[in-house]
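Asker: pasting a predicted model and its sequence here:
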Amino acid sequence: MTAPLVALLQISPRKADYAENLRRIGQAFAQIAVLPETPDVLVFPETVTSGYFLEGGVRDVAVRAGTLLADLNAQHERSGARQLDVVVGFYEEHRNHYYNATMYASLGGQQSQIRHVHRKVFLPTYGVFDEHRFVQAGDSIRAFDTAWGRAAMLICEDAWHSFAPTLAALDDAQIIFVPSASPARGVQPANVTAEVGSQSLPASLERWELTARSIAGEHGVYVCMCQLVGFEGGKGFPGASLIAGPDGRVLARGPLFEESIVVGRCPLDEITRIRAASPLLADLESSLPKLLQNWRLPEVPRTKFDPADRAPVEPVGRSGYEITVAKPPPPPEPLAIDTDLAAKWLVSFLREEMAQRGFKKGIIGLSGGVDSSLTAHLAVRALGNENVIGVCMPYSSSSEESRAHAQMVATQLGIRLETVDITAAVDGYASATLNRPDPARLGNVMARIRMVTLFDLSSAMDALPLGTGNKSERLLGYFTWHADDSPPINPLGDLLKTQIWSLARAVGVPEEIVSKPATADLIQGQTDEGDLGIPYAKADLILHWLLQGMKPNEVIAKGFAQEEVATVNKRLSSTHWKRKMPTVAMVSQTAIGEYYLRPVDY
């Protein structure tokens, strides 16, 4: 039996740039070539040649499998690497259809050939996914022969359907390769303890690990799952690729949110030993024909049995058994987050989004509040303090405490702080208009002038504006349209206010900033909770349950007052327009965002 050495290359492709991504694959070949032992198989993630979220851009980057083989051979020849096998995810053009596909090919010498192409069978169309709209579904799952043994491939969601890996195992696969582009979700405290390494995992990756280990352990196969890393339109691919052995143990895992090569050996004779000790696959092979023969035949009862042939046994009364009533574990705290994981996630997001846009410096409207202070802390971790600029923009009525706290954060982090007094600009507009603004309108003017200032300084300093708005404000519509929400990237927009407080404390924002009453400081004496009519602690929980799909009456049953739920639900339901781009009248079959679809980072 052989023991192939497998390398998982979790990399971040450049969006929609097939040629550049081919060159990066070639660079990986060259890096592998100098290792003491060259791997037998190099596994790349799903859609590594283009990035995953392309929408209508799939047609721009799809290639035929033969074309991809020729391009891979050219890169391999230049790299100096020996003959090797590769697993490469790509968007495929095949017989006048587009597919999300993965190719297994042998490269180098006279043996260069495509051994198999798997076309993704299960195309997700839920949540952030919409694959069915842009590619065709595959219709088969088969194993195939290689120089070292027998393999099969499943692409991302394929592996979540239990009979898909079962079909591969029944077809004698020894290793199942699972290229994936699954964006990370969930920063709740971990429920699964990783066997390899001590890093916390996003909730979605915990489930991936359980899935991979279950496939491997049930069928006695190796599972090699290779994940994309990087960010596409704010959706973060986490890496943490892994190899699971035929006993269900994790043998190797890559780091979170970092490009890496994960190498592990897969001794195939271990499969024989483990299957002998736990012959689950053999049992399935034996029973499957009978199960399939009787499956879905209405005239055959689900279970056959003989009638009773004697009188029932006489009852003898109560037993003396001790009765144990199981108590379910307490439910997890719904808004709790793993702050270390969240910080790493958001720092990676900022670092990569800045690089994608060609900026080294970030600029932040530093108000002295917890949100902007947290963004500044994260930006310094991502970019370095020399590349972060804070801008304090007071109005004549602004709190001195706000200015002092902005300076406190700038001093703490060692960042440059510019002060631009917006009083003259605001008052100039107020005195020029016939309808002099009331305090609420004047506050909106301040917010918009602050954003004008930030974008102008951005141009002058070649620094990208970084957002500071949190999820609570966005869901409740508690922000000024085309002001607070204007910066092109925002690390905080998917964190509720109570989660912001937790993360801010964890990264070192001064406690006096975290614990002071939240205020936009647009009107003297104003506080967020006073304006909203409900504390953030309650509003966030109500938002959480509403977003989980509960109806208002179900949320009330959790102990909230009817008025509180009504207040939050009304704000949530009536402010969708503030979270969208302007509504455009659709008059053609090429309407932007309806028919002509390209992701924001295409």
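Answerer: Thanks, I have the structure now.
Asker: okay, CA-based contacts and neighbour counts for the rest of this
Answerer: OK.
Asker: run a quick neighbour tally on the nearest residue to Pro552 once chain neighbours are set aside.
Answerer: Of all residues not flanking Pro552 in the chain, Val565 sits nearest, at 6.4 Å (CA to CA, 6 or more residues apart in numbering). Burial of Val565 is recorded as 22 neighbouring residues (other CA atoms under 10 Å).
Asker: wait, is Val565 part of a helix?
Answerer: Yes: counting by DSSP: H, G, I helix; E, B strand; the rest coil, one finds Val565 located in a helix.
Asker: what's the distance between it and Phe479?
Answerer: 20 Å (CA to CA, to the nearest Å).
Asker: what's the answer for Ile523, then?
Answerer: For Ile523 relative to Phe479 (CA to CA), the value is 14 Å.
Asker: please apply the same query to Pro439.
Answerer: Computed as CA to CA, the Pro439 to Phe479 distance reads 15 Å.
Asker: so between these two, which is more surrounded?
Answerer: Under the criterion of other CA under 10 Å, the comparison of Pro439 against Phe479 puts Phe479 first, with 18 against 12.
Asker: tell me who's in contact with the more buried one.
Answerer: With CA atoms under 8 Å, 6 or more residues apart in numbering as the criterion, the residues that contact Phe479 are Glu473, Asp485.
Asker: now do Glu157
Answerer: Phe122, Leu123, Pro124.
Asker: would you quantify the distance from Ser373 to Glu529?
Answerer: Separation of Ser373 from Glu529 (CA to CA): 19 Å.
Asker: equivalent analysis for Gly220, please.
Answerer: Using CA to CA, one obtains 56 Å as the distance from Gly220 to Glu529.
Asker: who's more crowded, these two?
Answerer: Set Gly220 next to Glu529 and count neighbours by other CA under 10 Å: Gly220 wins out with 28 against 15.
Asker: sticking with the nearest residue to Thr102 once chain neighbours are set aside, tell me its helix or strand.
Answerer: In this structure, Thr102 finds its nearest non-sequential neighbour in Gly89, 4.2 Å apart by CA to CA, 6+ apart. The secondary structure element spanning Gly89 is strand 84-94 (assigned by DSSP states H and E).
Asker: report all helices and strands that that strand contacts.
Answerer: When contacts are defined as 3 or more CA pairs under 8 Å, 6 or more residues apart in numbering; DSSP states H and E, strand 84-94 packs onto strand 41-43, helix 65-79, strand 97-107, strand 175-180.
Asker: in it, what counts as buried?
Answerer: Leu84, Asp85, Val86, Val87, Val88, Gly89, Phe90, Tyr91, Glu92, Glu93 (16 or more other CA atoms under 10 Å).
Asker: my guess is the first one contacts Ala33. True?
Answerer: No: in terms of CA atoms under 8 Å, Leu84 does not count as a neighbour of Ala33; the distance is 10.2 Å.
Asker: what ranges do the helices span in the stretch 301-450 of the chain?
Answerer: Along the stretch 301-450 of the chain, the stretches classed as helices by DSSP state H, counting those that start in this stretch are 339-356, 370-383, 400-413, 423-432, 439-461.
Asker: winner for burial among those?
Answerer: Highest mean neighbour count of the helices of the stretch 301-450 of the chain: helix 370-383, a mean of 24 (counted as mean count of other CA atoms under 10 Å).
Asker: who are the packing partners of the helix or strand of the chain with the lowest mean pLDDT?
Answerer: Lowest mean confidence among the helices and strands of the chain (mean pLDDT, DSSP states H and E): helix 280-293, at a mean of 89. For helix 280-293, the helices and strands in contact under the criterion 3+ CA pairs under 8 Å, 6+ apart are helix 163-170, helix 203-219.
Asker: make it 6 Å
Answerer: The elements that helix 280-293 packs onto, with contact taken as 3 or more CA pairs under 6 Å, 6 or more residues apart in numbering; DSSP states H and E, do not include any helix or strand.
Asker: before we move on, back to that, so which of the contacts of Glu157 comes closest to Ser397?
Answerer: Closest approach to Ser397 among the contacts of Glu157 (CA to CA): Pro124, at 52.1 Å.
Asker: what about the nearest residue to that closest one once chain neighbours are set aside, neighbour count?
Answerer: When the adjacent residues along the chain are set aside, Pro124 lies closest to Glu131, with 5.9 Å between them (CA to CA, 6+ apart). Burial of Glu131, expressed as a neighbour count using other CA under 10 Å, amounts to 20.
Asker: residues in contact with Glu131?
Answerer: Going by CA atoms under 6 Å, 6 or more residues apart in numbering, Glu131 touches Leu123, Pro124, Thr125.
Asker: neighbours of the first one, how many?
Answerer: Counted by other CA under 10 Å, the residues lying close to Leu123 total 22.
Asker: just the second one next, same as before
Answerer: The burial count assigned to Pro124 is 15, neighbours taken as other CA under 10 Å.
Asker: tell me which element it is part of?
Answerer: Pro124 is located outside every helix and strand, with elements delineated by DSSP H and E.
Asker: quick one: it and Trp160, what's the gap?
Answerer: In this structure, Pro124 and Trp160 are separated by 11 Å, where distance is defined by CA to CA.
Asker: how about the buried residues of strand 84-94 in CSV, adding pLDDT and distance to Arg296?
Answerer: Formatted as CSV, the buried residues of strand 84-94 follow (pLDDT from 0 to 100; distance: CA to CA, whole Å):
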residue, pLDDT, distance to Arg296
Leu84, 94, 45
Asp85, 97, 42
Val86, 98, 40
Val87, 98, 37
Val88, 98, 38
Gly89, 98, 36
Phe90, 98, 37
Tyr91, 98, 36
Glu92, 98, 36
Glu93, 97, 37
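Asker: taking these, tell me the two that lie furthest apart.
Answerer: Comparing all pairs in those by CA to CA, the longest separation belongs to Leu84 and Glu93, at 24.7 Å.
Asker: distance of Lys570 relative to Glu564?
Answerer: Counting by CA to CA - Lys570 and Glu564 are separated by 10 Å.
Asker: those two: which is more packed in?
Answerer: With neighbours defined as other CA under 10 Å, Lys570 and Glu564 compare such that Glu564 has more, 16 against 11.
Asker: chain neighbours aside, what residue packs nearest to the more buried one?
Answerer: Spatially, and ignoring its direct neighbours in sequence, Glu564 is nearest to Ile534 (6.8 Å; CA to CA, 6+ apart).
Asker: may I have the phi/psi pair for that neighbour?
Answerer: Comment: the main-chain dihedrals of Ile534 come out as phi -160, psi 140, following degrees, to the nearest 10.
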